[in-house]
Every structure is written in structure tokens, then in C-alpha cells.
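Enquirer: Following is a predicted model, sequence given first.
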Amino acid sequence: MTLNRQQFLGLTAATTTAAALPVEGSLRGVAGRHGFMFGAAVRSGALIADPRYRALVTHECGLATPEGELKWNAVDADRGYDFHRAEAIQAMLALSGVRLRGHTLVWHNALPRWAELALASPETGRRTLADHIQAVMAAWRGRIDSWDVVNEALDPGEADGMRRSPAFRGVGPDYVEVAFRTARDAAPTAELVYNDYGLEGTDGRSEAKRRALLRLIEQLKSRDTPIDAVGLQAHLSLEQAFDQPSYAAFVRKLSGLGVDIHVTELDVADHSTEAVPVRDRRIADRAEEFLDAVLDTPRARSIMTWGLTDLYSWLNDWGRYYRRDLTPARALPFDASYRPKPMADGIRRAMRGAPSRAA
Ligand code: 9MR
């Protein structure tokens, strides 16, 4: 990306005040000392407009995922690639040593209408899928070394566990494999990740989804599909029961199939009407209990939260996820005034307590 003079000066001014090296107790610092990476989903608009947010991100994060800026509808809305918003994120974070993860190449959401139609057609599906993966990965080669190649392909309501997405319909049931093979060719050294949600509960749907995920990864591996890791999104909720031993067993089974594990979108929703300190404590406990289960396996490599401060959380943007009392969600490690919450301590404790792994 070429910056004009004004952008360059703005950036230099902003980054001289930001921490270039991880600070001792910061989440990225603790992660680094225990062989993990820590990061969060970030928003380009907020990074530009809100210097305190930018300082918090560079202080706490070694990794960042553009929350929407690399999705299909953001980069190729009208048949012509435009990466300006993602490149702005890169420019604002690179000088602080924050690495980017790419999210996401193939997903049934955030599709421009033309791509939805082209993917869903047997005549154009394969070509459209491959062209998109190649174009985006080539544009970011050397700048992004880990990609969510396929996102949310599973639907536990289907007998075969596969969501009837546009790509499933147009390319066929093997579209996940096609996507990973194309991705490996496009960027041979990039880490290729399958990412999904809804895996944590004790209900039948969560159980079915865990089984479907194990089946999918097993199938991909048995066909030598180039997949390196699984991203567990981890949109947790206090309303949902969590069984730590059985979840830990699931993660062990998953990693036993030969994939690394990333926590990619951690946050904790709640509808509790208890006092804020009580809610914050319970949210922190849930996050820690969840992370303890995941980090127990040595193949768990990174933790990312879906946002960093409660000020910028998707849970406050989407009507169907609003809290029932319409007060803002407190799902993230920092509050809306950028102060650390018990959840930040919980994440640190989980990383410190994890079985040791090579840094
Ligand atoms: O947080 C994201 C929100 O701002 C977007 O409007 C939405 C659609 O692109 O996606 C949200 O992020 C989702 C992520 O991409 C995939 N897993 C679920 C996340 C929350 O819905």
C-alpha cells in the first residue's frame, strides 16, 4: 500500500506513542512468554478515529483479524478488488509488530449478490471459488500468513452435517476440499484454517456439531487435504451450559487428527440482571474455564477475542443479540472505557496455567 504524505505522518505520530515491544503484563506479553499468541478482531474505522483504541490494540495484541474488512463483500463487492480498508489496518498495526490473520475466504455470509449467484451455480461455482481464493491470497502473500479458508461449513441439522451454502450447491459437497487445495497452491507457506462456531454447549445441537466437525476434519485428512488448523470461534454465553471435561476431550480428539487449534473469536454473552461486578466475574470464570479446556492440548496455539473493548462488540450491533434489558454487552476483556476487566485476568491465568509448550 502506498501511503500519501499526510497518511504517513499521521501514522508515524500515532505509532511513536504506541508500545513497539510487548509490555510485561499485557496479554500479548504473557502469551509470548508462554508460547502462545494473543490477539483480537479489530475495526479499521475505530482504529482511525479512536487513538485510545489503537493504543489498546497495539499494547495488548500480537495478532489482529480484520473483523469485516477481508470478507468477500468488503474486498470484491462489485467485481474489482479493493483492499484499502484492510490495508489501512495493516498500516496502522504493522509498526507495532502486530501480525494479521485473514478472515475469511469462503463463507455463506457477507457475500455480494453476484458472488452468491455465481457460487451457487454448477457452471460457475468452481471457477468463482478458485478465482476468489487465488486473488485474495496472492494480494496478501507475505503479509498474512494464516487464513480462515472456510468458515462455518457445518449445519448439525443436516443428515451429513454440511450446510447447504451457495458453494455447497454450486461446487458440490467437496467444496471445502477444493477450497483448501486452491489455498495451498495460492500461498504454499500460509497456515490454512477451518473455522466454526456453536461447538461448546451440552445440548444435542452442539454435540451433533462437534461430531460433524470431527468427521469433516477426519475426511479432509484422509484425503490428504492441506489443512493445518481448526479455529474454535467460541462465542460463549452464560445462558448455555458448559461441560469442561467433555469439551477438553473433544479438543484432544480434534488435535489428535493432526491439526493445530486456535481460539479465534472468543467472547461471552449474558442476559444476567445481576450487578455488573457479579456479571464480570461470571463472564471471566466462563472464559477461563473454556480456555483451560482448550489450552490443555499442546497443539493449541493462539487466543483471539472478537473485539477487545466492550465499546466495539458485534453483540451491541446485531438486534437479535442485544441483551434483553438493552444494556450493552460486557463480553470482552476491556470495558467501554478501555479498563481491564476480570476477563483479562482470566485469559492471563489460563495462559500461565497451561501445560508448557515451546515458545
Ligand atoms: O462481528 C462481525 C459483524 O460486525 C459483521 O456484521 C458480521 C457479518 O459480516 O460478522 C461478524 O463476525 C462474525 C464472523 O465473521 C464469523 N463468526 C461470527 C462472527 C459474529 O457474528
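Expert: Yes, it's here.
Enquirer: Looks like Pro333 contacts Ala344 (just checking).
Expert: Yes: counting by CB atoms under 8 Å, Pro333 touches Ala344, with 3.9 Å between them. The C-beta positions use only the backbone N, C-alpha and C, and glycine is treated the same way.
Enquirer: so where is the chain shaky, pLDDT-wise?
Expert: Residue ranges of the chain with pLDDT under 70: 1-21, 358-359.
Enquirer: Name the residue of it that lies nearest to the ligand.
Expert: Across the chain, the shortest distance to the ligand (CB to the nearest ligand atom) belongs to Trp314, at 3.2 Å.
Enquirer: and that residue, how many residues sit next to it?
Expert: 18 (other CB atoms under 10 Å).
Enquirer: One more: the one 10 residues further on?
Expert: The criterion is other CB under 10 Å. On that basis, Arg324 has 8 neighbouring residues.
Enquirer: Name the SS class of it, please.
Expert: Classification of Arg324 using DSSP: H, G, I helix; E, B strand; the rest coil returns coil.
Enquirer: quick one, what contacts the nearest residue to it once chain neighbours are set aside?
Expert: Residue nearest to Arg324 in three dimensions, not counting chain neighbours: His271, with 4.9 Å by CB to CB, 6 or more residues apart in numbering. Counting by CB atoms under 8 Å, 6 or more residues apart in numbering, His271 makes contact with 238-239, 323-325.
Enquirer: returning to what we had before: in terms of packing, which of Pro333 and Ala344 has more residues around it?
Expert: Of the pair Pro333 and Ala344, Pro333 is the one with more neighbours under other CB under 10 Å, namely 29 against 23.
Enquirer: where's that one relative to Arg299, distance?
Expert: Distance, Pro333 to Arg299, by CB to CB, to the nearest Å: 24 Å.
Enquirer: Return every residue with contacts to both of Pro333 and Ala344.
Expert: Leu27.
Enquirer: can you count the residues close to Thr305?
Expert: 29.
Enquirer: Wait, it touches Leu266, no?
Expert: Yes: under the criterion of CB under 8 Å, Thr305 makes contact with Leu266 at 4.7 Å.
Enquirer: still on that earlier bit, surely the residue of the chain closest to the ligand is in contact with Gly307?
Expert: Yes: between Trp314 and Gly307 there is a contact under CB under 8 Å: 6.9 Å.
Enquirer: if I look at those two, which residues touch both of them?
Expert: Residues touching both Trp314 and Gly307 (CB under 8 Å, 6+ apart): Glu67.
Enquirer: ok, now which ones touch Arg126?
Expert: 170-171, 178.
Enquirer: Turn the residues you listed into CSV, columns for secondary structure, distance to Arg223 and neighbour count.
Expert: Putting these into CSV (DSSP: H, G, I helix; E, B strand; the rest coil; distance: CB to CB, whole Å; neighbours: other CB atoms under 10 Å) gives the following:
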residue, secondary structure, distance to Arg223, neighbour count
Gly170, helix, 20, 22
Val171, helix, 15, 26
Val178, helix, 11, 20
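Enquirer: For Ile48, give me its contacts.
Expert: By CB under 8 Å, 6+ apart, the contact list for Ile48 reads 88, 92.
Enquirer: Sticking with it, tell me its helix or strand.
Expert: helix 44-49 (DSSP states H and E).
Enquirer: Check which element follows that helix along the chain.
Expert: Next along from helix 44-49, by DSSP H and E: helix 51-60.
Enquirer: Return the set of buried residues in that following helix.
Expert: By neighbour count on 16 or more other CB atoms under 10 Å, the buried set for helix 51-60 is 53-60.
Enquirer: Also stretch 135-148?
Expert: 136-137, 139-140, 144, 146-148.
Enquirer: circling back: could you name every residue contacting both of Thr305 and Leu266?
Expert: Common neighbours of Thr305 and Leu266, counting by CB under 8 Å, 6+ apart, are absent.
Enquirer: Let's verify Thr264: helix, strand, or coil?
Expert: Looking at Thr264 with three-state DSSP, the answer is strand.
Enquirer: these two touch, right, it and Asn151?
Expert: No: taking contacts as CB under 8 Å, Thr264 lies outside contact range of Asn151: 9.5 Å.
Enquirer: Between these two, tell me which one has more neighbours.
Expert: A direct count of neighbours by other CB under 10 Å for Thr264 and Asn151 places Thr264 higher, at 30 against 23.
Enquirer: Skipping adjacent residues, who's closest to that one in space?
Expert: Gly231 (3.7 Å).
Enquirer: touching the ligand at all, stretch 69-76?
Expert: Yes: against the ligand, stretch 69-76 shows contacts by CB under 6 Å from any ligand atom at Lys71.
Enquirer: Give me the residues contacting that stretch.
Expert: By CB under 8 Å, 6+ apart, the list of residues contacting stretch 69-76 from outside reads 44, 68, 81-83, 85-86, 89, 102-105, 107, 109-112, 115, 132, 135-136.
Enquirer: chain center to it, what's the gap?
Expert: 15 Å (CA atoms, centre = their mean, to the nearest Å).
Enquirer: Would you mind giving both backbone torsions of Leu192?
Expert: phi -110, psi 120 (degrees, to the nearest 10).
Enquirer: who are the neighbours in contact with it?
Expert: By CB under 8 Å, 6+ apart, Leu192 lies in contact with 147, 149, 180, 183-184, 226-229.
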